[in-house]
Every structure is written in C-alpha cells, then in structure tokens.
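> structure of the sequence below:
(chains A and B)
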Amino acid sequence: MKRIFINEEFCIGCRLCEIYCQVKHSKSKKILKAFKEEQDDIMSRVLVEEIGHNSFAIQCRHCADAPCVEACISGAMVKNPKTGVVVCDEEKCVGCWSCIMVCPYGVINRNLSTKKVASKCDLCIDEEIPVCVKNCPNEALKFEDKESGREKKR
Amino acid sequence: MTRDKTDYLIIGNSAAGLSAAESIRTIDKKSRITVLCEESHFNYSKPLISYYLGGKIDIDKTYFKDKDFYSSNDIELKLESKVEYVDSKKMYAKDSSKKEISFYKLLISSGGRPIIPDIKVIDKNIKEDVLTTRFDTIENAFNLTTLDDAISLKKYVEKNHIDEAIILGGGLIGLKTAEAFLELKVKISIIELADRILSTSFDTTASEIISEKINQAQGKIFTGTTIDSIYTEDGKITGLKLSNSDEIPCKLLVVAIGVNPETDMIKDSGIKMDRGILVDEHMKTSMDNIYAAGDVVKTRDMLSGLQKNIAIWPLAVRQGRIAGINMAGGKESYSGGFFMNSVEILGVPVVSIGLSSIDESTDKELKIYRQHKPESSIYRKIIVKDNHVIGAILVGSIERAGIYAGLINNKVDISGIKDNIAREDFGIIQLPADYKKHLVIGDGIEV
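Numbering: from 1, shown residues only, chains lettered A, B, ... in the order given. Model prediction:
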C-alpha cells in the first residue's frame, strides 16, 4: 500500500504542494481559474508548517487505527478496507468536528465555504501519484510502498 | 418455551455494540452474532438526534452504519427486544416479550437512561406526585436521548405551534437541545443548578461566551436554581416554580440533566457494578464470557487513573472494538481514555478535552496558558500540570485541536514549548523534537 512519506530536510517551504492540492480539489481543476474565481472555495488538504528555515508539508497519515474514523458520529469518515485510504463522505458529514478534536496531526480542516464539512487529504485516489508529491520540486514528499510500522502491526 | 441460541449476543445497537460486532466478524467469520435493540430503528447515531430535531438533517441521515452493514457482516439484528434479565450462570438473556436467547459470549452495551428527578408535581385534580412516576403521562414533558424522543418532540412542537420551551439542565445535551430549538425558532429558557452553563467541561470565560450568544438569540438562562415544583392540568405542564420561588409559565419541558448507565437487566446477575459496569483492560466484566463497553461501563480514566464513566462516542467505539477482539479470542487492551467533546453552539465551535473546566483556583500547581480575543469570540486555554497537558478548551478557533489530545494521549513533556502552546497557529513544528519526529517521519500514532 503506497503512502506519502515526509522528508523534512528536503522541504524548502515553497508551498507548491498546497497550490496543486487546491487546484486538484477545485471545480475547474485549472490553476488560474481556481485561484482567480474559486479563491474562497478551495482549501489545501496538505499543510506546510514553517518556522525560519525549518519546514515540512504534512497531510493525513491514513492511520491504521484512525482516531477520526472512531470519533465520527455520522459514519462519514471511513477507512477503505482494501486501499487503507481514509476518506470523508461530504454528503454524510454534518460538520460536528469530532475528527478535528482527535486527529493528533491536526490535518483535518473545517471547510466552511460551500457546505460545512470536514476537509482532508484523499490521497488523490484517482491519480497515479498524489499531486502534492508529483509537484514537489525537491522530493520532500514521496509516494512509496514502504512497509511502515503501523501497517505491519495489523 | 424453546430457547433461541447464538454465539455472540450483543445488547445494544449503537456505537459500542456495532463496533464490537464488526470487530468480532473480522476474526470469527462463521459464528452467529446477534444484536438486540430495544428500539425500532435499524440504527442511528445518538449525537445526531439534535441535528434532526433542529432540521439540519433528515431522518434518513441519522444512521451511521449503512443499511447493508448487517447483511454484509452477517449480523442478525433483533429490533424491539428489550433485555430485562441476564442469567450469568446459565448464560441466557430474556427480553420483555419473554423470549429467551442463550449465548456463548455476551457484550452489554446498553448505553444510558435519562435521569428524571424527583420534582414535586402539583395538579388541580390529582393528588400530589413526583415527576419520576408521572413523567410518561405528561404530554409536554420530554427527554432527548433517543430518536423516538426527537421524533415525538418535533411532532409536538409542530402540531401545537410551540414557540417557547424550557430546558432543565445546562449541560451538553441541554445545550444541543437549546440549539435545535433556536433553529426551529422556538424561544428557550435554560434552568441550570450550577453557577454557569456547561460547568463540567467549560470554565467561566468559555461559559460566558456561549451564554452571551444564547442571550443574543433571545434565550434566557437561569443559573443557580432548579425546578421546585411542576404545575399540571389535564396531563399537561402549565407552569413551574423554581427553587428561588420564581414562577414561570411552561408550554414544553425538556429534562436534560444527564443519563445513568442502563444496568437494570443485570441487577441480580452478580456482575460487579459501581454506578456503571466495572470492566478490566480487556473490557471483560467480573464474570467470564461477559463483556461490557460504551456508556454503560466504568473504566480507566487516563488523567486520574481512576475508574470512571466517560460516556462519549469515540471511547464507546474503541471499547466496543477492543471488547469484540477479546470476545473472539484475540487479545487487545484498553489503555484508558479521557473526556472530550466537540459541539457547535449558535455558530461557535467549541472543543473541550480532558480536564478543561479547571484553573489556578482549583489547583495551585496548574499552569494555564490562554489566548482570548473577546471581539471575535475566540478563547483558547491549555491546562498544564507537571509539564504535561491535562486539558484544553478551544472556543471559536478549534483548528488542530487534536494535537492537544495527542499530547495527552502520548504523555508528552512540553517543558520547552509552553509559551506557544495556546496560540492559534500552534502546530506540529513547535512540538518537542522527539514527538515531532514521531509524528512527521515516525510510524504514526499508537493510540
């Protein structure tokens, strides 16, 4: 199962990952249109944290025992048993923010623009490589099938 | 009468029960799993009933497991089966229609039952009584703990054009009820015995922010008082007398002062209880083959180390899962949990985590970090003891709240980062190096 891995030392804080994530999750999927016309409606699901020269990009870790799935009161947040990808069904989400309360990475956001729903990384399931990884100029984000400890635990 | 037989019997069709059923099925593909539910709905999420009452969601959005959940997991669901008796020696349960079912393993996840206080009921024609016995016969007195409660409450409000309601109890359920009524354009009054609303999880400042919002929405809050007596006429409440002697008219009363673990069915079973079923780290009760999970149990509170009843959804799901694994022969331990809640009241989101209502006056050794912006209803407070976060309350700005829950769960020493901890832009990058590394490149979290 491929996951996004973070290489903190290679991140230069360019935030291209955020930009491409926003475009990917916009209606038009076009960078200019997204940023000029859909500005209030597009949220990045990857977050660059930065202090001085230190930075890294972080998005949902798609945890094995995902606390957000456990906390979801509407059944919107589910972990696909086959792919392991944690996704929020925006039709079912009621915006109670229980997932935000429990995510230890702080990578779920309130999307208040169109409808009040939880917004998070969906691992760009319809893409071969998530756009944040694909557009990182420095391999600070990598999409790999490295067996991580949390998957082995299962 | 012939006794039906199952392998795994689960009492309760909510968060803990269904999470257990699901986890049993991941291990044991063949055995029979039977879920008994005293209600008539195939499943619904209790925290969503106030959303339904307020008209935010339709009734068919109140379920949390898909319709095919039972068939795809081969789980048998029996509705309207209220268990009245459990024989822990002969291993069978009996429901209110006298049907018996024997089991090999039992999970009690029967949740809670609303508390009805012994308030005096004074009627013109009937002799004086108490609310506890009269509650079901009074047509405008309600609870809001089941979907049926919400349905009948909504019907009553619409049919009788109710424009004012009184809520007894200013806790989370009371406030969620209040919010739903305000959505329905019903004016509300909240009666709360403590000195402020939400006193168990909110401190004074947080409580004041929410009180002010309620007042702006024409809601009234009576604190430090309760109902002394209820006046009824023809099976309806007409007015209330408060303990401070105020008399107020009443068109509709919702009693929301809390719930008690529902343990009636095991009162003679010998299963150890102490205001909740006591369980070990495998969620097993004092009897072999009998487990319990969810709002009905008393189990380890991570912050105090004591056995406590912490009736919240995420812990019910986790406990159910762990109970299920152990029931099916696997092994997993529950390391404990702590209280947390997320609620949005009149557009203000609030997250409270751990020991969130306390401050310096409670314990001199506490260090409190605050950020308060009254003009935008933003208030963030982090409670620290011995260099460890033990509680947090975030009002208005709840972004990344789970980072604080993670700091409590992982018992992270935060000595070096305290100055930034309550800031709105607080993030993983400020966390102590080891813990940050664990989150950013590590194996993920071990909850």
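> give me the below-cutoff pLDDT ranges for chain B.
Where chain B drops to pLDDT under 70, the residues are B:1, B:443-447.
> show residues contacting stretch B:191-208.
Applying C-beta atoms under 8 Å, 6 or more residues apart in numbering or on different chains, the contact partners of stretch B:191-208 are B:166-172, B:174-175, B:190, B:210-211, B:214, B:221-227, B:242, B:339, B:341, B:350, B:352, B:356-359, B:372, B:379, B:381, B:393, B:395. C-beta: built from backbone N, CA, C; applies to glycine.
> can you do 7 Å?
B:166, B:168-172, B:175, B:190, B:210-211, B:221-227, B:242, B:339, B:341, B:350, B:352, B:356-357, B:359, B:372, B:379, B:381, B:393, B:395 (C-beta atoms under 7 Å, 6 or more residues apart in numbering or on different chains).
> pull out the buried residues from those residues.
Among the contacts of stretch B:191-208, those buried by neighbour count (16 or more other C-beta atoms under 10 Å in any protein chain shown) are B:166, B:168-172, B:175, B:190, B:210-211, B:221-223, B:226-227, B:339, B:341, B:350, B:352, B:356-357, B:379, B:381, B:393, B:395.
> in the sheet, who's paired with residue B:83?
Beta bridges link residue B:83 to residue B:95, judged by DSSP bridges.
> these two touch, right, it and residue B:266?
No: contact criterion C-beta atoms under 7 Å: residue B:83 and residue B:266 do not qualify, at 9.0 Å.
> so between the two, which is more surrounded?
residue B:266 (27 against 24; other C-beta atoms under 10 Å in any protein chain shown).
> okay, and which of the buried ones among the contacts of stretch B:191-208 map to helices?
If you go by DSSP state H, the buried ones among the contacts of stretch B:191-208 have B:172, B:175, B:210-211 in helices.
> quick one: strands adjacent to the helix or strand hosting residue B:237?
Using DSSP states H and E, residue B:237 falls within strand B:236-242. Strand pairing for strand B:236-242, using DSSP bridges, gives strand B:227-233 (antiparallel), strand B:247-249 (antiparallel).
> would you mark the buried spots in that strand?
So for strand B:236-242, counting by 16+ other C-beta under 10 Å, buried means B:236-237, B:239-241.
> and if you look at stretch B:76-83?
B:76-78, B:81-83.
> next one, pLDDT for residue A:153 please.
Note on residue A:153: pLDDT of 40.
> for chain A, state which of the ones in helices among the buried ones among the contacts of stretch B:191-208 is nearest.
residue B:172 (12.1 Å; C-beta to the nearest C-beta).
> show me chain A divided up by domain.
Listed domain ranges for chain A are A:1-59+A:122-154, A:63-120 (source: automatic domain parsing).
> as JSON lines, those domains with distance to residue B:387 and mean neighbour count would be great.
Output for these, formatted as JSON lines (distance: least, C-beta to C-beta, whole Å; neighbours: other C-beta atoms under 10 Å in any protein chain shown):
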{"stretch": "domain A:1-59+A:122-154", "distance to residue B:387": "21", "mean neighbour count": "17"}
{"stretch": "domain A:63-120", "distance to residue B:387": "19", "mean neighbour count": "20"}
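> show me where chain A has its helices.
Secondary structure of chain A (DSSP H): helices at A:16-24, A:31-37, A:67-71, A:98-102, A:131-134, A:149-152.
> can you lay out these as JSON lines showing distance to chain B?
JSON lines is the format used below for the helices of chain A (distance: least, C-beta to the nearest C-beta, whole Å):
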{"stretch": "helix A:16-24", "distance to chain B": "14"}
{"stretch": "helix A:31-37", "distance to chain B": "22"}
{"stretch": "helix A:67-71", "distance to chain B": "4"}
{"stretch": "helix A:98-102", "distance to chain B": "4"}
{"stretch": "helix A:131-134", "distance to chain B": "15"}
{"stretch": "helix A:149-152", "distance to chain B": "3"}
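> weakest of these in terms of mean pLDDT?
Mean pLDDT per stretch puts helix A:149-152 lowest among those, at a mean of 45.
> interface residues of chain A facing chain B?
Residues of chain A lying close to chain B by C-beta under 7 Å from any C-beta of the partner chain are A:6, A:8, A:49-51, A:54, A:56, A:58, A:61, A:63-65, A:67, A:70-71, A:73-75, A:92, A:94, A:96-98, A:100-106, A:148-150.
> between the helices of chain A, which gets nearest to residue B:184?
Residue B:184 lies closest to helix A:98-102 among the helices of chain A, at 23.8 Å (C-beta to C-beta).
> from the middle of its chain, how far away would the closest one be?
The chain centroid and the centroid of helix A:98-102 are separated by 15 Å, computed with C-alpha atoms, centre = their mean, to the nearest Å.
> what does that helix rub up against?
A:67-68, A:71-73, A:77, A:108, A:110, A:118, B:313-314, B:340, B:342, B:351, B:353, B:398, B:401-402, B:405.
> go again using 6 Å as the cut-off
Residues outside helix A:98-102 that contact it (C-beta atoms under 6 Å, 6 or more residues apart in numbering or on different chains): A:67-68, A:71, A:73, A:77, A:108, A:118, B:340, B:342, B:351, B:401-402, B:405.
> okay, and which of those map to strands?
Using DSSP state E, A:77, A:118, B:340, B:342, B:351 are the members of the contacts of helix A:98-102 that sit in strands.
> out of the residues you listed, which is nearest to residue B:14?
residue A:77 (17.2 Å).
> so who does that closest one touch?
A:68-69, A:88, A:99.
> would you mind measuring from residue B:407 to chain A?
Look at residue B:407 and chain A: by C-beta to the nearest C-beta, to the nearest Å, they are 8 Å apart.
> element containing that residue?
Assigned by DSSP H and E, residue B:407 belongs to helix B:402-409.
> same for that helix, what does it pack against?
Contacts defined by 3 or more C-beta pairs under 6 Å, 6 or more residues apart in numbering or on different chains; DSSP states H and E place helix B:402-409 against helix A:98-102, strand B:348-354, strand B:388-395.
> now these in CSV, with distance to residue B:40?
Shown next, in CSV, are the helices and strands packed on helix B:402-409 (distance: least, C-beta to C-beta, whole Å):
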stretch, distance to residue B:40
helix A:98-102, 27
strand B:348-354, 33
strand B:388-395, 38
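> gap between stretch A:69-89 and the chain center?
Stretch A:69-89 sits 14 Å away from the centroid of its parent chain (C-alpha atoms, centre = their mean).
> ok, the residue positioned nearest the centre of chain A - contacts?
Centroid-nearest residue in chain A, with C-alpha atoms, centre = their mean: residue A:121, separated by 2.2 Å. Residues in contact with residue A:121, defined by C-beta under 6 Å, 6+ apart, are A:45, A:59-60.
> return the backbone torsion pair for the residue of chain A positioned farthest from its centre.
Here chain A reaches farthest from its C-alpha mean at residue A:52, the gap being 23.6 Å by C-alpha atoms, centre = their mean. Phi and psi for residue A:52, reported as degrees, to the nearest 10, are phi 60, psi -130.
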